[in-house]
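**Student:** I'd like to go over a predicted model; first the sequence, then the structure.
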Amino acid sequence: MLSANRSGQQLFLADLFRRNQQSARPGTPGPQPVCRGLTTSFPVTYRQLTLFDLSRDLVRGHQLGFPDPPDAGLAQLLDDTATSHARSHGWSLTRILDARKGIRLLLAIQDTPGAAIKASDVTDLAQLSLALQPVLDILAAAQMLDDDREPSIVAWFARQIEGLPEPMTHELHTWFEVLRLGSTTASRSRPRTEGTVRGHIHQAMPAVREWAAAGHESLREISREHIKQALPETGTSRSLVGQSLRSLFKVLKSRRMVFSNPITHFRTGRPETRIPLPIDVRQLKDALTSQNPARAVLAALIAFHALRNNQLRSLLLTDIRDGRLHLPDRTILLAPPVRERLTAWLDHRERRWPATANPHLILNKKTAVRSSAVSHTWINTTLGMTSQSIREDRILHEAIATDGDVRRLCDLFGLSVQGAERYTDVLNHQALRSDGDGDAADRPYPGFRDW
């Protein structure tokens with residue numbers, strides 16, 4: 001042992017050297033792919049620290065010329081992934097060329113060759129007028145994307161609490177993080193949807209701003225009297241504000257950021273139920289007979305079968321077979337007019353996007369080159385009215401036509417008993433049942449039976 005250590009020992013640290021694939025012995029198994037050709041060597045797990053954090057001028061770099069990517073193997077693997085991804089999603093030649101160019105450029109200017117590329121670095125490609133989303137899609141498919149982008153709701157919340165005292169800002173931020181991310185400590189809670197988070201913040205902020213304007217620095221100073229003054233007298237607004245403030249002080253009390261919960265024992269009631277109303281039948285007929293296949297099929301699916309907006313968005317091609325629509329909770333026999341419009345839409349879909357890999361039934365030009373669903377807003381904009389108004393019109397007509405058969409409404413439209421009673425209660429409102437010349441069943445009613 002002493003003789004072996006006489007001249008010292010060479011220390012090697014694991015994984016600091018990557019085996020050259022060309023020099024590997026024949027028959028030696030190489031790295032196994034993790035996604036579309038990438039190997040387990042990428043992305044690398046380390047990060048090269050930088051002395052200065054400076055923004056890059058890609059326009060100037062483009063004028064002078066960018067160097068080649070330092071890791072030619074990774075560049076080739078990502079290029080192959082880009083080609084495969086583009087082919088399977090039916091991308092145009094221009095889209096794929098821009099994406100490959102953007103990826104090669106990002107690899108060339110990496111501080112740590114082989115590391116996952118940050119989404120914030122991808123945004124710099126806008127300086128060269130390159131499309132960002134194709135690059136993000138390819139990097140995500142290759143598991144080489146480090147998505148460090150800040151969610152839009154974080155910036156929105158920062159604007160809501162701007163100008164408030166620092167202690168109050170800290171308390172509100174704690175509540176916001178629990179709503180958005182949930183909590184694994186007492187009291188435990190699941191993350192809320194973005195819509196729920198925005199709704200709670202929106203309802204609570206008017207009262208919080210009034211307290212701040214009155215000179216309060218912290219929510220610890222809020223008493224039951226302040227809550228009483230902040231709550232509306234009655235109605236839906238009282239319920240919504242009460243729910244938001246109750247959530248706020250519950251979180252602060254569990255974190256011991258307030259001494260007591262001032263809203264305890266306040267009764268705020270439930271939101272008032274809005275009476276469903278019929279829509280203009282002419283607008284519905286325009287949608288059903290539209291030359292736009294997407295508008296016609298969306299209108300038909302709602303007007304005949306009262307599908308919800310999120311159900312339309314999540315429908316897959318495989319959900320329609322044998323003339324039936326297979327939903328998670330029930331199977332629907334499609335009406336003949338719906339089948340006609342569905343056939344026209346599928347023919348249009350095949351002509352317009354023959355190579356798309358998106359599995360969803362409803363597409364548009366943005367989602368056809370990806371695998372995501374269309375947005376709620378796009379569906380309502382395409383229809384020219386809200387999908388909820390058509391759905392309510394359809395269920396309302398069925399309630400009147402069947403003289404309030406709750407069981408039928410539950411079976412046809414997947415409603416709960418309480419949800420069906422919202423429509424059957426309309427039977428007690430004669431103003432909705434009659435227009436002065438007779439019952440609604442005796443006159444043409446906008447909806448299903450007109451078709």
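**Tutor:** That came through, no problem. Residues are numbered from 1 along each chain as shown.

**Student:** all contacts plus neighbour counts: C-alpha atoms, from now on.
**Tutor:** Noted.

**Student:** Neighbours of the nearest residue to A99 once chain neighbours are set aside, how many?
**Tutor:** Of all residues not flanking A99 in the chain, V135 sits nearest, at 5.1 Å (Cα to Cα, 6 or more residues apart in numbering). Neighbour count for V135, taken as other Cα atoms under 10 Å: 26.

**Student:** same question, V208
**Tutor:** 22.

**Student:** what helices or strands is the host helix or strand of it leaning on?
**Tutor:** Taking DSSP states H and E as the definition, V208 sits inside helix 194-213. When contacts are defined as 3 or more Cα pairs under 8 Å, 6 or more residues apart in numbering; DSSP states H and E, helix 194-213 packs onto helix 152-160, helix 166-181, helix 235-254.

**Student:** which residues touch I117?
**Tutor:** Taking Cα atoms under 8 Å, 6 or more residues apart in numbering, we find I117 in contact with L106, Q110, L139, M144, L145, D146.

**Student:** so which of these is the most crowded?
**Tutor:** L139 leads the contacts of I117 on contacts (other Cα under 10 Å) with 24 neighbours.

**Student:** which residues sit in contact with the nearest residue to it once chain neighbours are set aside?
**Tutor:** Counting by Cα to Cα, 6+ apart, the nearest residue to L139 once its immediate chain neighbours are dropped is L145, at 5.0 Å. In this structure, L145 makes contact with A116, I117, K118, A119, L136, L139, judged by Cα under 8 Å, 6+ apart.

**Student:** One more: S218?
**Tutor:** P165, P167, M168, E171.

**Student:** Start from the N-terminal end of the chain and give the strands.
**Tutor:** Using DSSP state E, the strands found in the chain span residues 33-35, 38-39, 117-118, 145-146, 320-321, 324-326, 331-333.

**Student:** Could you single out the most deeply buried of these?
**Tutor:** strand 117-118 (a mean of 22; mean count of other Cα atoms under 10 Å).

**Student:** Can you list the low-confidence ranges for the stretch 251-400 of the chain?
**Tutor:** Applying pLDDT under 70 to the stretch 251-400 of the chain flags no residue at all.

**Student:** quick check: domain ranges of this structure?
**Tutor:** The chain resolves into domains spanning 33-44+68-146, 157-254, 281-442 when parsed by automatic domain parsing.

**Student:** Tell me which of the ones you listed lies nearest to F52.
**Tutor:** domain 33-44+68-146 (11.2 Å; Cα to Cα).

**Student:** Rounded mean pLDDT for that closest one, please.
**Tutor:** Domain 33-44+68-146 shows a mean pLDDT of 86.

**Student:** re earlier: which of the contacts of I117 sit farthest apart?
**Tutor:** Longest span within the contacts of I117, Cα to Cα: Q110 and L139, 14.2 Å.

**Student:** Now do the helices in the stretch 301-450 of the chain.
**Tutor:** 309-314, 336-352, 376-383, 387-401, 406-413, 417-424, 430-433 (DSSP state H, counting those that start in this stretch).

**Student:** Export those as a markdown table, with columns for mean neighbour count and distance to I222.
**Tutor:** Output for the helices of the stretch 301-450 of the chain, formatted as a markdown table (neighbours: other Cα atoms under 10 Å; distance: least, Cα to Cα, whole Å):
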| stretch | mean neighbour count | distance to I222 |
| --- | --- | --- |
| helix 309-314 | 17 | 40 |
| helix 336-352 | 16 | 57 |
| helix 376-383 | 16 | 39 |
| helix 387-401 | 23 | 39 |
| helix 406-413 | 16 | 45 |
| helix 417-424 | 17 | 37 |
| helix 430-433 | 14 | 46 |
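
**Student:** Any idea which of the ones you listed gets closest to A86?
**Tutor:** Using Cα to Cα, those put helix 336-352 closest to A86, at 16.3 Å.

**Student:** contact partners of the closest one?
**Tutor:** P293, A294, A296, V297, A300, L301, F304, G323, L363, W451.

**Student:** Identify the residue nearest L74 in space, chain neighbours excluded?
**Tutor:** Sequence neighbours aside, G114 is the residue nearest to L74 in space, at 6.9 Å (criterion: Cα to Cα, 6+ apart).

**Student:** residue contacts, that neighbour?
**Tutor:** Per Cα under 8 Å, 6+ apart, neighbours of G114: F42, P43, V44, D71, L74, L107.

**Student:** distance of the last one from M144?
**Tutor:** Relative to M144, L107 is positioned 11 Å away (criterion: Cα to Cα, to the nearest Å).

**Student:** Could you do the first one as well?
**Tutor:** Between F42 and M144 the distance, using Cα to Cα, works out to 8 Å.

**Student:** Overlap of the contact sets of those two?
**Tutor:** In contact with both F42 and M144: A115, A116, using Cα under 8 Å, 6+ apart.

**Student:** Just the buried ones among the contacts of S218, please.
**Tutor:** Neighbour counting over the contacts of S218 (16 or more other Cα atoms under 10 Å) leaves M168, E171 as the buried ones.

**Student:** TSV for the contacts of S218, including pLDDT?
**Tutor:** Shown next, in TSV, are the contacts of S218 (pLDDT from 0 to 100):
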residue	pLDDT
P165	95
P167	94
M168	96
E171	95
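
**Student:** ok, of the contacts of S218, which one's closest to T81?
**Tutor:** Nearest to T81, judged by Cα to Cα, of those is E171 at 46.1 Å.

**Student:** Out of the strands of the chain, flag the one nearest A355.
**Tutor:** strand 320-321 (19.9 Å).

**Student:** Give the pairing partners of that closest one; include direction for each.
**Tutor:** strand 324-326 (antiparallel) (DSSP bridges).

**Student:** which residues make contact with stretch 400-415 from outside it?
**Tutor:** For stretch 400-415, the external contacting residues (Cα under 8 Å, 6+ apart) are 305-307, 329-330, 395, 398-399, 416-417, 420-421, 423-425, 427, 433, 440-441.

**Student:** Can you measure across it, start residue to end residue?
**Tutor:** OK, stretch 400-415 end separation, Cα to Cα: 16 Å.

**Student:** Centre of the chain to it, how far?
**Tutor:** Put simply, stretch 400-415 sits 32 Å off its chain's centre (Cα atoms, centre = their mean, to the nearest Å).

**Student:** got the contacts of I117 as JSON lines, with distance to T83 columns?
**Tutor:** Formatted as JSON lines, those follow (distance: Cα to Cα, whole Å):
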{"residue": "L106", "distance to T83": "17"}
{"residue": "Q110", "distance to T83": "22"}
{"residue": "L139", "distance to T83": "12"}
{"residue": "M144", "distance to T83": "16"}
{"residue": "L145", "distance to T83": "17"}
{"residue": "D146", "distance to T83": "21"}
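
**Student:** any idea which of the residues you listed is the one closest to R209?
**Tutor:** Nearest member of these to R209, counting by Cα to Cα, is D146, at 37.3 Å.

**Student:** Quick check: beta-bridge partners of that closest one?
**Tutor:** K118.

**Student:** I'd say S88 and N358 touch.
**Tutor:** No: using Cα atoms under 8 Å, S88 is not in contact with N358, being 9.3 Å away.

**Student:** who has more neighbours, these two?
**Tutor:** Legend: neighbour count by other Cα under 10 Å for S88 and N358, higher for N358 (21 against 14).
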